[in-house]
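Visitor: Next one to model:
(5 chains)
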Amino acid sequence: MLGEGIIKGMVETAKNFVGSYHDPKRLTTVEYPENKIPAKENARNFPFLVFDGVDADKGLRCVACQICEKECPPKCIYIIKDTVKKPDYMGKMQIQPKIFDIDISVCMSCQICVEVCPFEAIKMDTQFELSTTDRFENLLLNKRELAKPNEYYHKIHPTEATEVDERLAAEKAKAEAKAKADAEAKAKATVAAAAAKAAPTPVPAPAK
Amino acid sequence: MIGEFFKGLFLMIWKVVTDQPDPKVEFVSVFPATIQPIISVLLSIVPIIMVFASLFALTTLLERKGLGRIQNRLGPNRVGPFGLFQPVADGLKMLTKEDIVPHSADKLIHFLAPIVLLVPTLLAYAVLPFGQNMVPIDMDAGILFFFAVGASTELSIFMAGWSSRNKYSLLGAMRAIAQMISYEIPLIISSVTVIMIAGSLSLVEIVDKQSGYHFGFLPHWNVFTPWGLAGFIIFLIASLAESNRSPFDIPEAESEIIAGHLTEYSGFKYALFFLAEYLGMFAVSGLAVTLFLGGWRAPLPFLEIVPSYIWFLLKLMGLVCLFIWIRGTLPRLRVDQLLNFAWKFMLPMSLINLFVAAIWHFTSVWNFRGAGLGRWLLCAAMIAVPYVWLGRTLIGNKKITHRTYRFAN
Amino acid sequence: METLDQIKDRIEAAVPGARLEIIPNDSPANQPSLLIDHEHAVAVAKFLRDDSQLQFDYASNVTGVDWLDAVLKEKVKVKQVVEGVEKEVEEVIEKKRAGYLEAVYHLYSMELKHGPFILRLRTENRTDKVHLPSLTPIWRGAEFQEREIYDLYGIIFDGHPDLRRLLMWEGFVDHPMRKDYVEPDDFEYEPTPHDEVLERAKEHYPAEAKP
Amino acid sequence: MISDAPGQMGMTSESASQVPLPEGAGQSNYTVIPKTSAEGTSEGELLEVAMGPQHPSTHGVFRMDVVLDGEHVVKLKPVFGYLHRNHEQIAESTTYLGSMPYTDRLDYLCSMTNNWAYALSVEKLAGLQPPERAEYIRIITAELTRLVNHTCLVGFLLQDMGALGTPLMYAFRERELILDLFEALSGSRMMYNYMRFGGCRVDLSADWIEQAKQVVDGYSRFLDEFEKLLTENEILVSRTQGVGVLTVKLAINASITGPMLRASGVNYDIRKVDKYGIYDRFDFRIPLGDHGDVYDRYMIRVLEMRESVKILNQALRDIPAGPIMDPKAKIRGFRPKAGEAYGRIEGPKGELGFYLISDGSPNPYRYRVRPPSLINLTVLEDMCLGETVADVVIILGSVDIVLGEVDR
Amino acid sequence: MGITFAIIAALTLVSAIAAMSLRNLVHCALSLAVTFAGIAAMYLQLDAQFVGFAQILVYIGAVAILIVFAILLTRSSETPQPVISRSWIMGIVIALAVFGVLTKVILSSSIAQRELPAKPAPTVRQIGDQLMTRYVLPLEAIGLLLTAATIGAVIIAMHDKKGRGDGGQNVNSTPSRAEAHQHADETHNLIT
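Guide: Numbering: from 1, shown residues only, chains lettered A, B, ... in the order given. Down below sits the predicted model:
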């Protein structure tokens, strides 16, 4: 207690001083505009809307179910449903949002919209250089600005996107299979009905 | 006329570079006799201000870079290559900032305070021997002059703190004055040892007394004697406190009293305070170099070909780097601890050191075999024993201990 | 730790005249609580703190709850003679309940390391009879929390050493955590996707809010 | 304070200023209170200083109205509410899940433990049981959070002591590594929103566990370095020992929790008492101080970090494979049965509890946070009386507050 | 009697008058410091370096600060008195009389008659030698006096510290929290 502690401390800072020149582990700062830390795969910033295909208007996965709008804790999502169904990129008729706005000055990047979305339509972006000069107009993103292709989603979150695609494909396959089965069943039913019609009098299973 | 002018100028520069005596003579004689004294004075003043002002700029950069590296950061590196123009940018920022004077402030004193601080600080440079043939005034009572002008800076800090009409400023000023007065005493007493041994108040003579080498390599600097080492350390600690540097930056402790007496200053006036503080630090380090580190003398005989002022500046910058290093490491003391330390440790130690220096002086007549070593050890022991004792009592009074901790499962 | 019933009996023995009621809790947490009356609250609290087997020396959480006037629906099994046969029939009885404010204390014991023991105090109504005895003299830890309840719910704690608003500023009139609290509509206008704020701001400042 | 009787001469009737005023300083902001006879013998007058809300060392927008006698504190009143946003009201008007991201913002240095405390309470309310792997993940993240919080706190404390950011920078250097881990796991560096009722949101990868092991290994080296820099430093020791003493009795009675309580010598750690999660499976000890001063609070945190490293080593070694969500848990349409629950955990700052009352609707009827930072401030005045201004700053630093939690 | 002297003398006089007449005590103290500096400058002009520097060191560095501290630390006695005393005529008469008497005495004394000696060049070494040889007894006496004063000051300061009650460590004695402490004390002994 006669100055050794101070000397020890001085030695420690001297070590760090020298270390900062040869030990890159010590120097954690990154000179930002020139160098950037590569984005982590799980990183999230603000939501965007995924669309399939090439046309952002057609391919939007969002069907304007408004669950995210309800669940959003700071209420930064604003959706107005379109009144008519439009064909999506596969040609299937869907309701799409007429207006889909996200106020990213309010959004707190919590990812709850992503979790509650049953259609895998809204995902988190990693883009963070969003500063603008107008905090009202430029930070209110509309549907056009929010829509990003599925390829972009694959680029920023490869693992997750692949999983999502697989799940969607599986669901689709299931749905198709179901539709097929339904169709077949329907067809059968119609056939049966037709057959039944054809034979107006219920003929009990012929015992003959 | 013009030819002579340039010839004189060239001769002066050549003499400065080669470290020859009286460099100004030829150049000054070019001018008419009536203005010669003024020219001569200007030729002494302008380089001092230029050199130390640029040294100030360099040091702010060095400090920020060094602290950055100590803290594992890069430090400023945006303005110019390696951030070299950062001080310029800082200066421009300071100058273009609005000069805010609080509504209820005492305007005149608020305005005068930075000037009153800066002028004595600059005056202190008048007696420092920067090189073999470079001393603005070789005053008979040089060191006394140094301390006299140093003492008058306290008043300006009080002026700054009081005139701002801010509670934090006033607290800061009171702390600053208490601290500076307390540490002036060990500062002066530790330099008295050197004066006593050298037998002169003139700084030039003090440097002259430190010439020569033991065994051909160990210079005759005061720091290599027991009393000199102790005196140097005491002087260094006291000068840290005098220049309000960490760990004695209590007057400006930002976590307690915002910025102390500087709280209500901005823009150019703040820059002046800043400048004066750094200049004060250089001056007091320069004095430490002169008193204990052999002034402008080279550390080894064969290095004497390097101009003397280079050695002075190198030693000065070495001390400044030490200050920066200390600043980057240590937390700040509390006011009462600071004063306790000054009065209960520094003052007795410096008095003991004075006594030891006297012993050293009288034992110089010893001429038996091993006298040098015996003298050295005797003096060292006479310092070390009170150091340990005083250190223990200082700590013992506050019941400070190494602690062990219990653990529960 | 003893069960709540045992503790209740012991308190009744120790503090004669105390009117206690066990409030059940249906959630899986199974943390029933004890409602105590105003007059004996401090005595009961002191008993809980000082009793050697309980030693609830630590008031962890103190909070308020606002219960509005409500209509409670209770299902009661009633024996009825239906078609000549006596049967148990469920009947829904509607009860009107007057609103009240409630202070809830979660007590633990640092000494014996058990808990929680939940204490409830209820005011008589939500408007004027909102006084409760302060338990800060027993547990200093309740000091800021009772101030907070006073601030946000408007329960006045008698015997609190320093009952001032904690979070809202002095001069604020309402109690913002009450269920019927109406947000003021004089905030600074900022366009939001919903623009609800704009609508309300327009009402408040008809002249200024027009863009 | 100007006497109205003109003939009355004497000291008390004069202008009450301690210092002669500069001319034209009529509306000065000085408030000088003449000392009452009960308070002391010295003739000095008291100076009232408002430290904060824009003071550099109040850790946010916190204000202390301090009355000083010279440099000594004779009265101190904390003033809260500058950051008040009625968190509880917001939570009561949103769904159970919707207030999870808001809990991140309570104590923004330890979002993970906030998440856990809230999830724990809701699980108690709804009767959910997270699977084993999720419990392990929770313990890993919570202990990492404890490291982050304590490291930062020690850095801030030294910053308050005037160490010019060096310890703070070292602390932040290490915190950065943990934040990288958290970012890789949850996607965000501070606002994790990671836990869910009945489990966790994302699973750990094997890669992540390896990285975490490296960070944890490096941490004890960092702690050694940190302690070398500071623990024996004479200035630190003399500034902290014997300063801001909190007695055992007062600590318990004032509901102090967390490291502050243990620095006063009370063996009460909810990890041991409640054994929530699966803390009973881990081997760790609770460091206890004997003096209850700032130094003890500092050292307890350093020692707790070492214990956390121990827990982390065990957890990262033993973590089993398996699901991370209770199959009963629902993300959409979560409506717990009517009832109430109080769940609490040992947060890095103390007991963090959530009290919930459900009325069967998707929103909680009552949602209450028990903020350890606020309640630990109860004894601030008691600790500061008689100490100097410089000590007030470090005592406040050693309490460890985050204004997001104090003001909610 | 150069122009330098005139400037210094004027500055000294003006600041001395200001020190007497200004209403703000701190301004007075600062003016007094300027006066001290002026006197030091005069010493320097007379080539008395040591005395000049000692004047600065002692008077500006210590005495002025002492005055300022005294003003700050004592209760303000800034009474709003009129600047000019009612009996100013009497004051002027007395001042003039004193001035006249002093002038008379000085002019009639032997100092005024004596020839100016050749300008000495007293070095610091000479002063030191004189102090240590011829004036050693007065020096020792002054030293003793100052030591006694220092010890006295220390004793007074120590007494004051004790009176303050252990540096304010005694928290329980403050009334604002006594109540709260009572609650804490009511609790039983606890836990280790």
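Visitor: Mind checking if the helix ranked longest in chain E is in reach of chain B?
Guide: Taking DSSP state H as the assignment, the helix of chain E that covers the most residues is helix E:136-163. No. Judged by C-beta under 8 Å from any C-beta of the partner chain, helix E:136-163 stays clear of chain B, getting no closer than 9.3 Å. Yep, even glycine has a C-beta here, placed from its N, CA and C like the rest.
Visitor: What mean pLDDT does that helix get?
Guide: Average pLDDT, helix E:136-163: 80.
Visitor: With stretch A:121-137 instead?
Guide: Across stretch A:121-137, the average pLDDT comes to 82.
Visitor: So what touches that stretch?
Guide: A:39, A:43-50, A:60-63, A:68, A:104-105, A:109, A:111, A:113-114, A:138-139, A:148, A:153, A:156-157, C:190-191, D:187 (C-beta atoms under 8 Å, 6 or more residues apart in numbering or on different chains).
Visitor: Strands - which of those residues land there?
Guide: Per DSSP state E, strands hold the following members of the contacts of stretch A:121-137: A:47-50, A:148.
Visitor: In a markdown table: these, plus distance to chain B.
Guide: Shown next, in a markdown table, are the ones in strands among the contacts of stretch A:121-137 (distance: C-beta to the nearest C-beta, whole Å):
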| residue | distance to chain B |
| --- | --- |
| A:Pro47 | 34 |
| A:Phe48 | 33 |
| A:Leu49 | 38 |
| A:Val50 | 39 |
| A:Lys148 | 34 |
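Visitor: what about stretch D:285-297, distance to the chain center?
Guide: On the basis of C-alpha atoms, centre = their mean, to the nearest Å, stretch D:285-297 sits 16 Å off its chain's mean C-alpha point.
Visitor: start to end distance for that stretch?
Guide: 16 Å (C-alpha to C-alpha, to the nearest Å).
Visitor: check whether that stretch contacts chain A.
Guide: No. Against chain A, stretch D:285-297 shows no contacts by C-beta under 8 Å from any C-beta, the least distance being 12.8 Å.
Visitor: Could you double-check that C:His160 lies in contact with C:Thr136?
Guide: Yes. In this structure, C:His160 is within contact of C:Thr136 by C-beta atoms under 8 Å, at 5.3 Å.
Visitor: Looking only at neighbour counts, state which of those two leads.
Guide: Between C:His160 and C:Thr136, C:Thr136 has the larger neighbour count (other C-beta atoms under 10 Å in any protein chain shown), namely 25 against 19.
Visitor: Hmm, D:Asp293 and D:Gly242 touching each other?
Guide: Yes. Between D:Gly242 and D:Asp293 a contact is recorded at 5.5 Å, counting by C-beta under 8 Å.
Visitor: who has more neighbours, those two?
Guide: Comparing D:Gly242 with D:Asp293 by other C-beta under 10 Å, the one with more neighbours is D:Asp293, at 23 against 17.
Visitor: Mean confidence (pLDDT) on stretch C:86-101, please.
Guide: On average, stretch C:86-101 scores 78.
Visitor: Run through who's touching it.
Guide: Here stretch C:86-101 has contacts from C:64-82, C:122-126, C:130, C:153-155, using C-beta under 8 Å, 6+ apart.
Visitor: what does the stretch 201-350 of chain D have sitting close to chain A?
Guide: Counting by C-beta under 8 Å from any C-beta, the residues of the stretch 201-350 of chain D close to chain A are D:201-202, D:225, D:228-237, D:331-332.
Visitor: now the residues you listed: which count as buried?
Guide: The neighbour count (16 or more other C-beta atoms under 10 Å in any protein chain shown) marks D:201-202, D:228-237 as buried among these.
Visitor: What part of chain B, helix or strand, is modelled with the least confidence?
Guide: helix B:254-257 (a mean of 72; mean pLDDT, DSSP states H and E).
Visitor: Chain E too?
Guide: Here the helix or strand of chain E ranked lowest by mean pLDDT, DSSP H and E is helix E:175-186, holding a mean of 39.
Visitor: ok so, going back, pick the one among the residues of the stretch 201-350 of chain D next to chain A closest to B:Asp22.
Guide: B:Asp22 lies nearest to D:Ile235 out of these, by C-beta to C-beta, at 48.9 Å.
Visitor: Not counting its neighbours along the chain, what's nearest the closest one?
Guide: Nearest residue to D:Ile235, sequence neighbours excluded (C-beta to C-beta, 6 or more residues apart in numbering or on different chains): B:Pro331, at 5.1 Å.
Visitor: hang on, the one you found in a strand?
Guide: No. Secondary structure of B:Pro331 (DSSP: H, G, I helix; E, B strand; the rest coil): coil, not part of a strand.
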